[in-house]
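**Student:** build the 3D model from these lines:
(4 chains)
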Protein chains: 4
Amino acid sequence: MGINEPLNRKLRMGLVGGGQGSFIGRVHSIAACLDNRAVLVAGALSSDAERSKASAPSYDIAPSRAYGSYEAMLDAESKLPTGERIDFISVTTPNHTHYEIAKAAVQAGFNVICDKPMTFDLAQAEDLLKTVEESDVIFAVSHNYTGYPLVRMAREMILAGELGEIQAIRAQYVQGWLRTKLEEENQKQASWRTDPGKSGAAGAFGDIATHAFNLGRYMTGLKPESVSCHLKSFVEGRVLDDYGTAVIRYENGGLGTVTASQISHGRENDLTIEIDGTKGALQWRQENPNEMIVRQNGRPHQIYTRDPNAPHMTTSGAAACRLPSGHPEGFFEGFANVYASAFDDMAIRGGGESINRRDTVYPNVYDGVEGMFFIQQCVQSSQENAAWLPLLHPAARR
Amino acid sequence: MGINEPLNRKLRMGLVGGGQGSFIGRVHSIAACLDNRAVLVAGALSSDAERSKASAPSYDIAPSRAYGSYEAMLDAESKLPTGERIDFISVTTPNHTHYEIAKAAVQAGFNVICDKPMTFDLAQAEDLLKTVEESDVIFAVSHNYTGYPLVRMAREMILAGELGEIQAIRAQYVQGWLRTKLEEENQKQASWRTDPGKSGAAGAFGDIATHAFNLGRYMTGLKPESVSCHLKSFVEGRVLDDYGTAVIRYENGGLGTVTASQISHGRENDLTIEIDGTKGALQWRQENPNEMIVRQNGRPHQIYTRDPNAPHMTTSGAAACRLPSGHPEGFFEGFANVYASAFDDMAIRGGGESINRRDTVYPNVYDGVEGMFFIQQCVQSSQENAAWLPLLHPAARR
Amino acid sequence: MGINEPLNRKLRMGLVGGGQGSFIGRVHSIAACLDNRAVLVAGALSSDAERSKASAPSYDIAPSRAYGSYEAMLDAESKLPTGERIDFISVTTPNHTHYEIAKAAVQAGFNVICDKPMTFDLAQAEDLLKTVEESDVIFAVSHNYTGYPLVRMAREMILAGELGEIQAIRAQYVQGWLRTKLEEENQKQASWRTDPGKSGAAGAFGDIATHAFNLGRYMTGLKPESVSCHLKSFVEGRVLDDYGTAVIRYENGGLGTVTASQISHGRENDLTIEIDGTKGALQWRQENPNEMIVRQNGRPHQIYTRDPNAPHMTTSGAAACRLPSGHPEGFFEGFANVYASAFDDMAIRGGGESINRRDTVYPNVYDGVEGMFFIQQCVQSSQENAAWLPLLHPAARR
Amino acid sequence: MGINEPLNRKLRMGLVGGGQGSFIGRVHSIAACLDNRAVLVAGALSSDAERSKASAPSYDIAPSRAYGSYEAMLDAESKLPTGERIDFISVTTPNHTHYEIAKAAVQAGFNVICDKPMTFDLAQAEDLLKTVEESDVIFAVSHNYTGYPLVRMAREMILAGELGEIQAIRAQYVQGWLRTKLEEENQKQASWRTDPGKSGAAGAFGDIATHAFNLGRYMTGLKPESVSCHLKSFVEGRVLDDYGTAVIRYENGGLGTVTASQISHGRENDLTIEIDGTKGALQWRQENPNEMIVRQNGRPHQIYTRDPNAPHMTTSGAAACRLPSGHPEGFFEGFANVYASAFDDMAIRGGGESINRRDTVYPNVYDGVEGMFFIQQCVQSSQENAAWLPLLHPAARR
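**Tutor:** As a prediction, this is how the structure comes out:
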C-alpha cells in the first residue's frame, strides 16, 4: 500500500482544534487530505462553542457536524452509522488538553492522531498509553519530521547497518521567533507555548527539542540510557526555557547532544541532525529536506537527493515520495506521510488483521511516552544542576 | 481573497489525462484540491476508454462521471444542472491533443487549466486565443513555476522598480533524464516528449525552455524583440532537440539568455534565473525555492526566505504562502498557486463581475501564445543558422 | 618536481608593474614567491620612474635594482653575471603595454610570465608568438584559474575520457564592480580597464570572458570552430562592453556559452563552469574553489573536495595542493601554481633538456594568442549583428 | 601598520620542527613569510640532528644555520650580532616538547610563536606564563583560526555590542581522519597525536576542541565560569579521546557547547561556530571562511563576504585582507595574520615603545594558559562523570 494507492474507502476525519489563529490545525487537515485518501467531515475547532462553529465553513465542514466541543463530537459521531461516522480524530489543541481529548477518543474507539508533545506531563502519557493498549485503535503522534522521505531512507539504511555501529548523534533545533517577549503581545502561538499551565513543564524543550530527540531515536533506533540537561530562559521574565542543551548517553556507549533554541535571531525552523557510525556518517537539514549528505572516508561526499527512481533510494524512502527528484517536496508532504502510514494501519484494522502497534513507521503512543519522559527528565536534570538522570522509559520503542 | 479563504462554494474539476503512467495529471489533481477549494468529480483520464474508466477509482471519481473520452465528458457535464456540472477542465494530455480538448471545453463554456506548451503549434495557439477571447471563460496555462511565492515577490518587486531598469536575464533549465535514449525503452514520458508527432516542433525547448523563457517574462515584464537560437540533438538518432541555447534581445535594450538541457548527467529539475537591474540583482533556483538572493553593491548579500510574516515579503508573495518560514514549501504549493489564482477569477466570473483576463497573476492564454511563438521562432532560427528572428508576438501580455 | 620541491636554486624575479594602486602586481609577487622557490630581486614598478623607485621598498627590492623603466631593467640585468641576473620577468602592467615589454624581455632571453589578455590586439599577439617561437624562453600567461587543483583534476579526468565525449560547456563570469561609472571617480583599476586605448577592443570580454573561455578550453581540450557574440555597454557613456554573451560551436559538434558581466549588483568574482559529457558532468565555482560537483545519472551527486590524499584525486590535482583537505586554499595558491609549473620548465631549460613549450600545464603563448583571437572575433561578431565567425586560430593549443 | 606595510626591516625567523613528514612546520614557514616581512634563516628542524640538517635545503636555510638541536640554535644565534641573529622562534614540534623549547627561547630573549596546545600540561603553561611575564618578549600562540578576516570582524562587531549581550555559543569541530586506528599504520601525525606521552592528557580535545573553545572566547570575550565534559575514545584500543562534548557556563549567564570529533566519516576540518546575542546572531564555518551569515529577526539573512572595501567590513577585518572580495583567501592567509599581528608588536618592541602584551589581536600566552586549563578541566570533568568544574583561570585574558 502506498501514498498513491486508494484505500478501500476514504477515511473520515474529525478535527479537534484548528480554529482561527491556529497554525497546526490547518496543517493537519491539509496533510490528512493531501492524497485524497481521507476527507475532513467533522470538527470541534475551538474550545469556544461559537468560534468552533464559525470556523467550520473554512474547512468545508457541514454545519451539522461542526460541534461545539470535542465531547459533543465524540458523542454524536459515536451514534452515527459505521458507514458515516468519523474514523479518526486529530488532536491539534494546546498541550494541556491533549490528554483528555485523546483518551476520550480512544475510549470511544476512534483512531487518534495526536499532536506532540503527547500530553501535559508524564503521568498523563503513561495513563494514555495504558488506555491505548487496552483498546485496538491506531494511535499516531505527529513527530512529523519522521515523515520526510530522506529521513525514512536514513532510518532504513541505519537499521540495515549501512553506517555500522552508531556512536554519535548531534541534533540541533534552532528558531528565533521567541527572541522577544512575544507572549506579551497577544500572539496566540507564543502565549500558550510560554505558559506553564498550557505548555507543560518545558518551553523550547517541549516544543522542539522533543522533535530533535525523537528524530535521532527514529533514525538510529539507539536506546538512550541517561541525560544531563541545562535549560535557560534567556528572555527576561519568561518562566519556561527558551534555550537548552542536553547530553545523552546511549546504551551502546554512544553519545548524543540535543540543543534547542527559540531565541536565535533570524533562525527559522532549523532542525539539523548529524549521525556518525563506524562505517559512514550522514547529515540532514529540515529546511532543505530534499538532500542528505552521506560521507565515508576515502570517498567523495555524496549528496543523496530525494529521488524515488534512484538506485540509492530505499523502499521506505521511495514509498514516501510523491514527486520525481528535482521537484521539491516540503513540510506538508512529510506531515502527510505520518498520516499516510497511520491510514495504512487504520485500513488494516478495519479489515480485521492483527497489527503491530509498537514498531510502526509512524511515531506512536510509545514515542509519545518517551517524549514526555525526555521532557520530564530534562527539566529535572536542569533543576538539579544538570545531574545525570535515567532516560530509558520502560515503554521505549524497540 | 486568498488561498486559505473559502470560495462561496467549492469548484468542481474535470480532469483530462492523468491515467496510469501519467505524472502531470496527478500533480494537477493534487494542486487543484490542495486548499479544499475544489473537488475532482469527473474525468476522461485516458484516450483509451477502458483505461480511462479503470483509472477513476484512484482519483476517487464516481463511476458515473468516469468518461471514456473528453467529448463524452463535455457532452454529459454540459447537460448536468449548473449546481452539479464541473466548473473547469484541466488538460493534462500530451501536447498534440491540447488544442482540440481545450477549444472544445472553451466552446462548451468551461473554464480551462491547460498544461504547457499550450498547443502543438502556433497556428493552433492563435486560434485557441481567438476562441477564448470570444468566450468569457477563465483560461490558465500551467507555467507552474510562476506560482512560487518568491517568484511572485520578485515580480512585484521588479514591477515596482526596486531593481531599477532590468538589463540582463540569465535563465537556465538543466535536466539529465534524457541523457540516454530512454524513448526506446518504452518509458512513457520519454516516448511522447521526443516524438515530433506528439510533442511538437521542439523537444527540450518546448518542454522546459518555454518555462525558463516564461519565468523571465513573468518576473520582469520585459518585452522580447528578437531571438537567435541554436538547438542540438546530442543523443544519437533523436529527432527533437535535447539541448539548446537562445539569446534574446529585449525591447528596452536588455539581453537575455535561455539555455535548456535534458542531457546533463545527474541534473534533476534545475531551473535557475538571474536578473540584473540598474539598482539591484536577484537570483532564484527552483530546486531550493524557499530562498532568493538579492544583491546590491555595497551591501551584504541578502537571502530573502519565503516568510509570509517578514517585512520584506510583498503582498503577492505573502498571499502565496501556506506555511511560516522554515517550513519548506515545494512544487505542489507552487502549482496550486496557479490554480488558486485562477479559482479566484473563476469565482468572480461566477459572480458576474468583469474580469481582466489579460493581466492576470496566473499565466494565461496570452502567455500560452507567447510560449508557442517562442518555440516556433527558436526552432526556425536554429534551422537558419541561428538567424535573428522577431520574438514579440502581437498578443504578448502587457 | 612539485610545489614543495626545491629547485636546484631559487629563481630570481623581475617585476614590471605593481606600483601604488596596483592589484595584480602584488598578486604576482606573492604567488611567485609563495613556495620559496623564487625571490623578487628587481623591479620596474611604474611607468613613472620616480614612483617606480619609491614603490621598491614595499617589495623589499634593493634600491640598486629598482629601475625607472622596464628598458632600464632589461638592460642592466642583462649585463649582470648569470648567477645574479633575473631569471624571469612578470608583466603586470595595463594591457596596452604588455606587448613591447614582453617582446623585449623575450628578445633579451628572459623567461616571461605575462598577465592576460596577452597583448593589446591580435596582431601583437601573433608577432609575440613568433618572437617566442624563435627564442627558447619559457613563456606563461596568467590565466590563473587554471592553477586551482580541482581545475587541473577536472582537466585530467576529462582528457582521460572519464566524462566521455564533451558536448556542452556553460561558462559564466559575473562581477558587479563596474555597475556605476567608477572610471569617472579616478578609480585606477576602472580607468584603464574601460579605456579602449589601454584595455584593447573589449572591456568585460577582454578582462574576464577570456578567462571563462580559456577555462573551458583548458579543462576540455575541445577545439572551437566558430562564435556568435553579443556585447553590451549598459552603463551609459561607457565605450567598451560591460556585459556580453558568446555562443561557441566546437569542432566536435559541442556547444558552448560564455557570459560575462561587470554590472551585476553585488556579484564579486563569480566564475563558474558546467561541463556535460556523455558519461558524466561536472560543475565548479571559483568563489568556492575547494569543491567540485561531479554527477552521473543513477548515482548520488558527488562532491569532490580538494584532497591531496583522496583516492579520487588525480596526479596533477594532488601535485597542485599545499594543504590537506578542509584547510581552504584560495586565489594565491591557484595563481602560484601557474608560476610553479612554469618554474619547473624554467629549471629544465636551465638544465639544457628539451621542453615541449606548446602542451604545457600552465597557460602559454599559444593560449595567449587564442585569447586575443577570441576577443577580436567576439568584438567583430557583435559589430556584425552576432554573425558567426571562425574561432579556431591556427596557433591553437593541442 | 598592516599586512602590506613593510616593517622597518625584515624579521628573521628560526624554525623548530618542520622536518620531513611534518605538516604544521611548513605551514608556519609559509605563513610567516607570506607578506615578505619575515625571512626564514635558521632552523632546528628535527629532534634528530642528521634529519634536521638534511631538511634545511627544502626551506632554503643555509647549512651554517641548520642546527642539530634547538639548544644549539639558541646558543649560536644568541652569539650572532643583533643585526644578524633571529628575531623570533616558531615552535612547531609535538606538544610534549613545546614547553622546554619555548621557555628556553624566551629566556634567551627571543620572541616566540608557539603551536597550540601551548604545553603538555597546565603546570608547564603556568610556569611558561611566569617566564614570559618576567621577560619582554612577544609571545603568540597559533590559534590560527582567529586570523581569518571575518573572525576578526565578528569579534570587533561583538565587542562593539552590535549583537547585544551574548547568550549562546555553539562551536563544533568535526574531523574524520582518525576514524580508523591510523596510529598503528605508522602515520606520523596520528602516532604522536594519539600518544598520551606526546600529546598530553587529551586527544581530540587538546588538538581541536581547544581551537573551538578559543574561537568562541576570542570572538565574544565572554568569560567562562564552569564546564561539564564528556569524552569518548570510540576507536577501540585508543587511549586518548577522539570525540567529546563540553557544556560551558559563562559568567554572564550565557551557555556554550563545544563538540569535537575526529571519527566522523568524511569530515575534513569542519570548525563551525554560531553565536546568539540579544540583538543579532552570526554563523561562520572555517571550510568556507570568506562568508559569514549575520541574522536579525525581521530582516533577510545577511551574507557578509570577506570584502575589504565593503561598508560592512570593520577596521580589523579589512586590515586582515590581502585580496578583494570574490578572490578566495584561505588557511595560509588566516595563519599569516596571526604572524602579521605578532610582527607588528615585535617591531614596536624593537622600537622601545611599551606594548600591551595581554590584550592583543593575536592569541597570546594568556590564551595558551586558558587552553591548557580548558583541556585539564575537561579531562577531569569527564573522569568525574561530567562533573561541573571551574573554567576561569586566574590568568584569563581580558
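
**Student:** any idea what A:Ile248 is bridged to?
**Tutor:** Taking DSSP bridges as the rule, A:Ile248 bridges to A:Val227, A:Gly256.

**Student:** if I pick it, what's in contact with it?
**Tutor:** A:169, A:213, A:224, A:226-227, A:255-258, A:391 (Cβ atoms under 8 Å, 6 or more residues apart in numbering or on different chains). Any C-beta I mention is one placed from the backbone N, CA and C, and that applies to glycine too.

**Student:** which among the residues you listed count as buried?
**Tutor:** Buried by 16 or more other Cβ atoms under 10 Å in any protein chain shown: A:169, A:213, A:224, A:226-227, A:255-258, A:391, out of these.

**Student:** adding pLDDT, write those out as a markdown table.
**Tutor:** Below are those laid out as a markdown table (pLDDT from 0 to 100):
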| residue | pLDDT |
| --- | --- |
| A:Ile169 | 98 |
| A:Phe213 | 98 |
| A:Pro224 | 98 |
| A:Ser226 | 98 |
| A:Val227 | 98 |
| A:Leu255 | 98 |
| A:Gly256 | 98 |
| A:Thr257 | 98 |
| A:Val258 | 98 |
| A:Leu391 | 98 |
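
**Student:** the stretch 101-250 of chain A: strands as residue ranges?
**Tutor:** When assigned using DSSP state E, counting those that start in this stretch, the strands of the stretch 101-250 of chain A occupy the ranges A:111-114, A:139-141, A:166-174, A:224-232, A:243-250.

**Student:** nearest to D:Arg9, out of the ones you listed?
**Tutor:** Set against D:Arg9 and scored by Cβ to Cβ, the strands of the stretch 101-250 of chain A come closest in strand A:166-174, at 49.5 Å.

**Student:** the closest one packs against which elements?
**Tutor:** In this structure, strand A:166-174 packs against helix A:210-220, strand A:243-250, strand A:255-261, strand A:270-277, with contacts taken as 3 or more Cβ pairs under 8 Å, 6 or more residues apart in numbering or on different chains; DSSP states H and E.

**Student:** at 7 Å what do you get?
**Tutor:** helix A:210-220, strand A:255-261, strand A:270-277 (3 or more Cβ pairs under 7 Å, 6 or more residues apart in numbering or on different chains; DSSP states H and E).

**Student:** so what's the residue in the stretch 1-150 of chain A that chain C sits nearest to closest to, chain neighbours aside?
**Tutor:** Across the stretch 1-150 of chain A, the shortest distance to chain C (Cβ to the nearest Cβ) belongs to A:Leu150, at 11.5 Å. Once flanking residues are discounted, A:Leu150 sits nearest to A:Met292: 4.4 Å by Cβ to Cβ, 6 or more residues apart in numbering or on different chains.

**Student:** cool, and A:Gly197?
**Tutor:** Nearest to A:Gly197 is A:His96, by Cβ to Cβ, 6+ apart, at 6.5 Å.

**Student:** ok, the one you found - contacts?
**Tutor:** A:His96 makes contact with A:120, A:197-198, A:200, according to Cβ atoms under 7 Å, 6 or more residues apart in numbering or on different chains.

**Student:** most neighbours among those residues, which one?
**Tutor:** Most neighbours among these, by other Cβ atoms under 10 Å in any protein chain shown: A:Gly200, with 27 neighbours.

**Student:** and the gap between that residue and chain D?
**Tutor:** 22 Å (Cβ to the nearest Cβ, to the nearest Å).

**Student:** for A:Val361, same thing?
**Tutor:** 27 Å.

**Student:** check A:Lys279 too.
**Tutor:** Counting by Cβ to the nearest Cβ, the gap from A:Lys279 to chain D is 7 Å.

**Student:** same question for A:Ser261.
**Tutor:** 7 Å.

**Student:** ok, that residue - contacts?
**Tutor:** A:174-175, A:204, A:243, D:168, D:276.

**Student:** okay if I get the residues you listed as a markdown table plus neighbour count and pLDDT?
**Tutor:** Shown next, in a markdown table, are the contacts of A:Ser261 (neighbours: other Cβ atoms under 10 Å in any protein chain shown; pLDDT from 0 to 100):
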| residue | neighbour count | pLDDT |
| --- | --- | --- |
| A:Val174 | 28 | 98 |
| A:Gln175 | 23 | 98 |
| A:Ala204 | 29 | 97 |
| A:Tyr243 | 27 | 98 |
| D:Ala168 | 24 | 98 |
| D:Asp276 | 30 | 98 |
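
**Student:** hang on, A:Lys232 packs against A:Gly244?
**Tutor:** Yes: using Cβ atoms under 7 Å as the test, A:Lys232 is close enough to A:Gly244 to be in contact (6.1 Å).

**Student:** look at these two and report which has more neighbours.
**Tutor:** A:Gly244 (25 against 21).

**Student:** which residue packs closest to that one, ignoring adjacent ones?
**Tutor:** A:Leu231 (3.9 Å).

**Student:** quick check: which ranges of chain A have low pLDDT?
**Tutor:** A:1-7, A:350-352, A:398 (pLDDT under 70).

**Student:** could you list the residues of it in contact with chain C?
**Tutor:** By Cβ under 7 Å from any Cβ of the partner chain, the part of chain A that sits against chain C consists of A:298, A:300-305, A:310-312.
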